[in-house]
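Peer 1: Sequence plus predicted model, see below.
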Amino acid sequence: MSTQNITANGSLRERYSDPVISILTVVLILMLFVFAPLQALGIAAFQVLDFLSALVLIGGVFFLSASHIVAAALLTALAMAVWTAIARLTAPSNFDVYLMAWCVVYALESRLHW
């Protein structure tokens, strides 16, 4: 039965890879050109949207990848995103913005290299 699950997951990955890549591209564009500038203005709602979009990016890359190394990298990116969100709520600083940026870069880079 385990080989059937692997085959089913592989076929799902093949079937939905193009739409997921398109969704990830749209989320990344929104994150860079909409959420980040409005977050820089100090609108708190966009901090939540930035965190949610990072979670969507991490989840999408996790869906597209079948590598255990990429899964470990994405767990690291998830930890960084959670840490950034908590730090942003308690005491906002520039370090939080850089950490969220590295989270997104780390998640996307892990997919490109593996």
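Peer 2: Arrived safely.
Peer 1: Can you check the pLDDT for I58?
Peer 2: pLDDT, I58: 85.
Peer 1: Next, count neighbours for A44.
Peer 2: Neighbourhood size, A44 [other CB atoms under 10 Å]: 10. From N, CA and C alone the C-beta is placed, and that goes for glycine too.
Peer 1: Repeat that for N94.
Peer 2: By the criterion of other CB under 10 Å, N94 has 7 neighbours.
Peer 1: Helices of this protein, residue ranges please.
Peer 2: 2-30, 36-40, 45-64, 68-90, 94-113 (DSSP state H).
Peer 1: list the buried ones in the shortest one?
Peer 2: Taking 16 or more other CB atoms under 10 Å as the basis for neighbour counts, the residues of helix 36-40 that come out buried are A36, Q39.
Peer 1: what does stretch 22-39 contact?
Peer 2: When contacts are defined by CB atoms under 8 Å, 6 or more residues apart in numbering, stretch 22-39 is touched by residues F46, Q47, L49, D50, S53, A54, V56, L57, G60, V61, V104, L108.
Peer 1: mind running it again at 7 Å?
Peer 2: F46, Q47, L49, D50, S53, V56, L57, G60, V104 (CB atoms under 7 Å, 6 or more residues apart in numbering).
Peer 1: Among these, find me the one that's closest to M80.
Peer 2: The shortest approach to M80 among the contacts of stretch 22-39 belongs to V104, at 9.4 Å (CB to CB).
Peer 1: residues contacting the closest one?
Peer 2: Contacts of V104 by CB under 7 Å, 6+ apart are M31, A54, L57.
Peer 1: In those residues, which residue is surrounded by the most others?
Peer 2: A54 leads those on contacts (other CB under 10 Å) with 25 neighbours.
Peer 1: follow-up on the earlier one: okay if I get the contacts of stretch 22-39 as CSV plus distance to S93?
Peer 2: Putting the contacts of stretch 22-39 into CSV (distance: CB to CB, whole Å) gives the following:
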residue, distance to S93
F46, 17
Q47, 13
L49, 19
D50, 15
S53, 20
V56, 25
L57, 23
G60, 28
V104, 18
